[in-house]
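1. what follows is a predicted structure for the sequence shown.
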Amino acid sequence: MAAIPTIKNFGKKIIVITAPSGAGKTTIVRKLLTQLDYIGFSISCTTRDKRANEVDGKDYYFISAGDFQAKVNAKEFAEYEEVYTGKFYGTPKTEIERLWSARKVAIFDIDVKGAVNLKQLYGDDCLTIFIKPPSAETLRNRLTARNTENKDTLKKRIKRSEEEMTYESKFDKVVVNGDFDIAYMNVKNCIHAFLKPVPLKAY
C-alpha cells in the first residue's frame, strides 16, 4: 500500500462540504475523516445549544453569544454567519492554522453562505462541494425523520433549506446524495481530482 500523502504534496488547501440542512453532508464528512488521513476537521464555533449526541471541542466549540461577539470584534473568524435568528456559526482562523501546522488539508462542514465566504477568501486553494438531495420532498422527509426539532423550528429549517438549494450554482462541484455510497465516492473523487495525490489505485 502506498504511503498516505501529506500536505507537503498539496500546499495549504481547504475543502468545504456544504449543503442544505438534511442533505447528508455531515455523514459524508465523517466517513471522509475515517478514510483520508491527510485531511483534518475544522471545528466551528457556534452559539446554539449542544445536542445530546454532540461533543464540545469535537463537533463544535459551543460558546456564549458574548464570547462569539468578542471573537468577531477581535477578527478571529475567517468567516461567520447568523444561520438562524440568534444562532451564530463561525470558522476560527486558528483552526485552519492548526490543521495546516499538522500538515493536514482542512475540511469544513458548514452552511452555504459560510462556504461562499470561504471560497471568496481562499480562491483556487479552496474546493467547495455542494451536496444536493434528489428532491425537495426527500429533503423535507429527511428533516422530519431526524426528530430533532419542534414543529416551529422544523418549519424554519425546511424554509431555510429550500432557500439554500438556490445556491447550487455558486460551488465548484455538485453531488446528488440519493444513494449514499455513490455520493460518497463522487465526493472522494472530486477531492482526489482537486488535490491530485497518489493515484487512486494505490489505496
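-> Looks like it arrived, so ask away. Numbering: from 1, shown residues only.
2. neighbours of Lys12, how many?
-> For Lys12, the neighbour count with other CB atoms under 10 Å is 13. Every C-beta, even on glycine, is put in place using the N, C-alpha and C of the backbone.
3. ugh, wrong one, Thr85
-> Thr85 has 6 neighbours, counted by other CB under 10 Å.
4. which strands or helices does the longest helix seen in the chain pack on?
-> If you go by DSSP state H, the chain has its longest helix at helix 180-195. When contacts are defined as 3 or more CB pairs under 8 Å, 6 or more residues apart in numbering; DSSP states H and E, helix 180-195 packs onto strand 14-18, helix 25-35, strand 126-132, strand 173-176.
5. show me what secondary structure element comes after the helix or strand of the chain with the lowest mean pLDDT.
-> In the chain, no helix or strand scores lower on mean pLDDT, DSSP states H and E than helix 136-146, which sits at a mean of 70. Next along the chain after helix 136-146, taking DSSP states H and E as the criterion, comes helix 151-164.
6. what angle sits between that following helix and strand 14-18?
-> 120 degrees (axes from the mean of the first three to the mean of the last three CA atoms, to 10 degrees).
7. excluding covalently adjacent residues, which one is nearest to the residue nearest in space to the middle of the chain?
-> For the chain, the residue sitting closest to the mean C-alpha position, by CA atoms, centre = their mean, is Asp109 at 1.3 Å. Once flanking residues are discounted, Asp109 sits nearest to Val29: 4.5 Å by CB to CB, 6 or more residues apart in numbering.
8. same thing with Gly24?
-> Asn177 (4.4 Å).
9. what residues are up against the one you found?
-> Ala19, Ala23, Gly24, Ile28, Ile131, Lys132, Pro133, Pro134, Ala183 (CB atoms under 8 Å, 6 or more residues apart in numbering).
10. remind me which residues of the chain are low pLDDT?
-> Applying pLDDT under 70 to the chain picks out residues 1-9, 139, 142-144, 146-150, 154, 197-203.
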